[in-house]
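>>> Here's my sequence, what's the structure:
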Amino acid sequence: MRRLLKLLLYLVFLAFIAVVAYAYVGPWFGYDFSQPQTEIRKPVELDVD
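Residues are numbered from 1 along each chain as shown. Predicted coordinates:
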């Protein structure tokens, strides 16, 4: 059971490292993770008496 837990923690650690590496290396391969920057304006009607 201890080996299984150790293996699971090792795999979680490797997955975390892979996701972080993908986030840093992704833009070099054409994957852009930034949000599109667009301005959104909506009129707000306040109901004040």
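
>>> quick one, strands of the chain?
Using DSSP state E, the chain contains no strands.

>>> residue ranges with poor pLDDT in it?
By pLDDT under 70, the low-scoring segments of the chain are 49.

>>> now do 90
Scanning the chain for pLDDT under 90 picks out 22-37, 47-49.

>>> quick one: Ile40 from Lys6, how far?
Ile40 is 49 Å from Lys6, where distance means CB to CB, to the nearest Å. C-beta coordinates here come from the backbone N, C-alpha and C atoms, glycine included.

>>> So between the two, which is more surrounded?
Neighbours around Ile40 and Lys6, counted as other CB atoms under 10 Å, are more numerous at Lys6. The numbers are 10 against 4.

>>> what's near enough to touch the more buried one?
By CB atoms under 8 Å, 6 or more residues apart in numbering, the contact set of Lys6 is empty.

>>> ok, so what distance separates it from Ala15?
15 Å.

>>> ditto for Arg41
41 Å.

>>> These two: which has the busier surroundings?
Between Arg41 and Ala15, Ala15 has the larger neighbour count (other CB under 10 Å), namely 10 against 5.

>>> need the contact list for the more buried one.
Taking CB under 8 Å, 6+ apart, one finds nothing in contact with Ala15.

>>> so how far is Leu8 from it?
As judged by CB to CB, Ala15 and Leu8 stand 11 Å apart.

>>> Check Lys42 too.
Distance, Lys42 to Leu8, by CB to CB: 47 Å.

>>> Compare neighbour counts for these two and give me the winner.
Leu8 (10 against 4).

>>> what sits against the more buried one?
With CB under 8 Å, 6+ apart, Leu8 has no contacts at all.

>>> With Gln37 as the reference, measure out to Pro43.
Distance of Pro43 to Gln37, computed by CB to CB: 21 Å.

>>> go on, Tyr31?
17 Å.

>>> and if you look at Arg2?
49 Å.

>>> do the same with Tyr10
39 Å.

>>> Thanks a lot, see you next time.
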